[in-house]
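In: My questions are about this predicted structure, shown below with the sequence.
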Amino acid sequence: MQQVRVTSAWVAAHSSHVSIETTGLEKVVDDIQGSIPKVKWDFEGIHFFDDGPLTVQYLFVLDALNFCFWPDKDLHYDHLAMGLKEALENDKSALDADRLQKYTGPQLQALLKWPRPLPLEEERIRLLREVGFELERSFNGEAVNLVKSSNKSAETLVSLITQHFPGFRDHSVYKGQQVFLYKRAQIFVADLWGAFDGKRYGNFSDIRCITIFADYILPAVLRNLGVLKYSSDLASAIDSNTQIAAGTEQEVEIRACTIQAVEKLRDLIKLKHNKTVSSIDLDLWLWASGVRSRLQHHRTLSIYY
Ligand SMILES: Nc1nc2c(c(CN[C@H]3C=C[C@H](O)[C@@H]3O)cn2[C@@H]2O[C@H](COP(=O)(O)O)[C@@H](O)[C@H]2O)c(=O)[nH]1
């Protein structure tokens, strides 16, 4: 995703509140000695998988809703993944395009077996409706047809998703320039690649074009590793759980510098150890290392991550 790379690099170069620390990057690269610990996709054992089109439907719906769990301190990504998995195991038609357009908030709560309203529940319902409607209108109701239309190109798939589904258009304007972050669209490609082990619906000739996924866990991991440094104002806002509004300079810098820092990490591993690693592998390793440690993270109400 050249657009994501180039615009994130631009933000990092003009950043006022977040910096990428060379010493932090070097320390990480020295510590891992050039080989990143391999983390298996679905290391948690929480995902639905039947090796067919229903898995693609599952992953697309999962990533349509893969954002903003933190406002409910007990809710995590695992609940969404396991909830959708169980719903499909009980009823194979639970995520059919016509059904997606009809869910109400309470029905989604029941589907996920969550006892109270979900954060941004109305937006989740609207996004489900959008996914069901557009899948029906352009892809015969099935996410697998969307994937087939990409002709095994990750770049094409991300571009098709963002063209057809406005809810996946994760971009922002920063100091007058449009910046593309595309977290959920890219993570869907990575999920296909991981779930199908690079084969069948997970076979993409250009998978290395994907960048990491700018969520709220990775910036916290990189800060903890000394790779990202925040201005004292931003650091104290984050440490005191003050919300950072979506689209502010601070928020865009946190996310774009996260992407750019991992790109730099990749370059440094190549330079020092002559090894080529993919951003997806780096993402999964960093995410898995951080998600359980419950690091203090930035809080932004957003449908994108
Ligand atoms: N960068 C990045 N961010 C990721 C994921 C994943 C899950 N990926 C699956 C793929 C393979 C694995 O087996 C995983 O099951 C979720 N997230 C983000 O984390 C946050 C959830 O935090 P908490 O509220 O504490 O549960 C939220 O923003 C969510 O969007 C990832 O891989 N990379």
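Out: Cool, the structure landed.
In: Show the model's pLDDT score for Ile280.
Out: Here, the pLDDT recorded for Ile280 equals 94.
In: tell me the SS of it?
Out: Three-state assignment for Ile280 (DSSP: H, G, I helix; E, B strand; the rest coil): helix.
In: now swap in Val179 and tell me
Out: strand.
In: so it makes contact with Glu253?
Out: No. At 9.8 Å, Val179 does not count as touching Glu253 under the criterion of CB atoms under 8 Å. In short, each C-beta sits where N, CA and C put it, glycine included.
In: Spit out the residues that contact the two alike.
Out: Shared contacts of Val179 and Glu253, defined by CB atoms under 8 Å, 6 or more residues apart in numbering, comprise Val11.
In: ok, the two, which is more surrounded?
Out: Per other CB atoms under 10 Å, whichever of Val179 and Glu253 has more neighbours is Glu253, with 29 against 22.
In: And that one, which helix or strand is it part of?
Out: helix 249-273 (DSSP states H and E).
In: elements contacting that helix?
Out: Judged by 3 or more CB pairs under 8 Å, 6 or more residues apart in numbering; DSSP states H and E, helix 249-273 is in contact with helix 2-13, strand 18-20, helix 22-32, strand 171-174, helix 218-224, strand 228-230, helix 232-239, helix 279-291.
In: start to end distance for stretch 193-206?
Out: With CA to CA, to the nearest Å as the measure, stretch 193-206 spans 11 Å from end to end.
In: I would like the residues contacting it, please.
Out: 41-42, 47, 49, 51, 53, 55-56, 59, 144, 147, 150, 152-155, 157, 189, 192, 207, 280, 284.
In: number of nearby residues for Asn151?
Out: Residues near Asn151, counting by other CB under 10 Å: 10.
In: Phi, psi for it please.
Out: phi 50, psi 50 (degrees, to the nearest 10).
In: what about the residue nearest to Lys229 when sequence neighbours are not counted, distance to Leu222?
Out: Spatial nearest neighbour of Lys229, excluding adjacent residues (CB to CB, 6 or more residues apart in numbering): Ser19 at 4.8 Å. Using CB to CB, to the nearest Å, Ser19 is found at 11 Å from Leu222.
In: the more surrounded of those two?
Out: Set Ser19 next to Leu222 and count neighbours by other CB under 10 Å: Leu222 wins out with 27 against 17.
In: List, one by one, the residues from this structure near the ligand.
Out: 41-44, 66-67, 69-70, 76-77, 191, 194, 212-213, 215-218, 283-284, 287, 291, 305 (CB under 6 Å from any ligand atom).
In: Show me just the buried residues among those residues.
Out: Buried subset of those (neighbour count, 16 or more other CB atoms under 10 Å): 41, 66-67, 69-70, 77, 191, 194, 212-213, 215-218, 283-284, 287, 291, 305.
In: anything in contact with each of Ser19 and Leu222?
Out: With CB under 8 Å, 6+ apart as the test, Ser19 and Leu222 both reach Leu228.
In: can you tell me the helix or strand for Lys102?
Out: Here Lys102 is assigned to no helix or strand, by DSSP H and E.
In: list the contacts for it?
Out: Lys102 makes contact with Gly132, according to CB under 8 Å, 6+ apart.
In: coming back round to it: return the subset of the contacts of stretch 193-206 lying in helices.
Out: 53, 55-56, 59, 144, 147, 154-155, 157, 189, 192, 280, 284 (DSSP state H).
In: Which strand or helix spans the nearest residue to His273 once chain neighbours are set aside?
Out: Of all residues not flanking His273 in the chain, Gly34 sits nearest, at 2.8 Å (CB to CB, 6+ apart). Counting by DSSP H and E, there is no helix or strand that carries Gly34.
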